[in-house]
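**Q** Compute the structure for the input listed below.
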Amino acid sequence: MGLGALGICQLQPTPVLCFVLVALLLSGLITDIFDGILARRWGVATPKLRRLDSTVDLIFWLCLLLGIISLRPAFLAANAWPIGVVVGLEALTYAVSYVRFRKEIALHTFFAKGWTLLLAATLVQLFLNGKAGLLFWACVYAGILSRLEIIAILCTLPAWATDIPSLYHAVQLRQRKRLS
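**A** Residues are numbered from 1 along each chain as shown. Next up is the predicted model:
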């Protein structure tokens with residue numbers, strides 16, 4: 001089944017288009033980093049805003065995935081299984097959060113932030129030359145591990161929370177709740 005059957009157009013990876021997509025990716029990444037910094041500095045980083053930030057981030061990355069599907073369909077076809085595992089684990093994190101807390105995730109863990117940077121670098125390489133080699137596999141494994149950490153955090157937290165940096169911090173929160 002081709003991309004047209006899925007309602008997705010295939011784009012020709014011209015240098016200009018690739019440059020535009022990389023510029024959009026990097027500007028989206030930079031603004032995401034700075035909006036979080038500014039929100040915390042200005043004291044407006046409420047739980048609702050952090051949830052919205054996570055939702056917007058998810059939409060942003062899904063749009064980039066559609067860009068890769070349209071621009072580099074051969075890469076996607078050759079790597080559908082590992083990409084599907086990471087996307088499936090991402091969906092599972094949301095399912096666990098909704099089942100446990102009736103809210104979407106907004107953890108913003110250290111590992112997830114690192115994976116985001118690795119994912120951005122991988123996508124830049126894919127947009128520019130259609131290959132990612134070892135960077136792609138590092139991104140896949142980091143994505144799997146970061147999603148598993150988030151699931152572990154969600155299963156550990158005594159109550160829904162935002163901005164939990166790591167599983168260690170979630171365990172600390174659980175122990176404090178048990179002592180109270």
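**Q** Would you mark the buried spots in the longest helix along the chain?
**A** The single longest helix within the chain, with elements called by DSSP state H, is helix 15-41. For helix 15-41, the neighbour count (16 or more other CB atoms under 10 Å) marks 18, 21, 22, 25, 28, 29, 32, 36 as buried. In short, each C-beta sits where N, CA and C put it, glycine included.
**Q** The fourth one: what's it in contact with?
**A** Think residue 25. 64, 120, 123, 124, 127 (CB atoms under 8 Å, 6 or more residues apart in numbering).
**Q** Would you agree the fourth one is in contact with residue 26?
**A** Right, the one you point to is residue 124. Yes: look at residue 124 against residue 26 with CB atoms under 8 Å: they come within range, at 7.5 Å.
**Q** Identify the residue with the minimum pLDDT among the buried residues of helix 15-41.
**A** pLDDT across these is lowest for residue 36, at 79.
**Q** I'd assumed residue 44 was in contact with it.
**A** No: contact criterion CB under 8 Å: residue 36 and residue 44 do not qualify, at 10.9 Å.
**Q** Off-centre distance for the longest helix of the chain?
**A** 14 Å (CA atoms, centre = their mean, to the nearest Å).
**Q** Likewise for stretch 89-109?
**A** Offset of stretch 89-109 from its chain centre (CA atoms, centre = their mean): 12 Å.
**Q** mean confidence for that stretch?
**A** For stretch 89-109, mean pLDDT is 95.
**Q** can you pull out the helices in this protein?
**A** Under DSSP H, the chain gives helices at 15-41, 47-71, 73-78, 80-101, 110-129, 133-156, 167-179.
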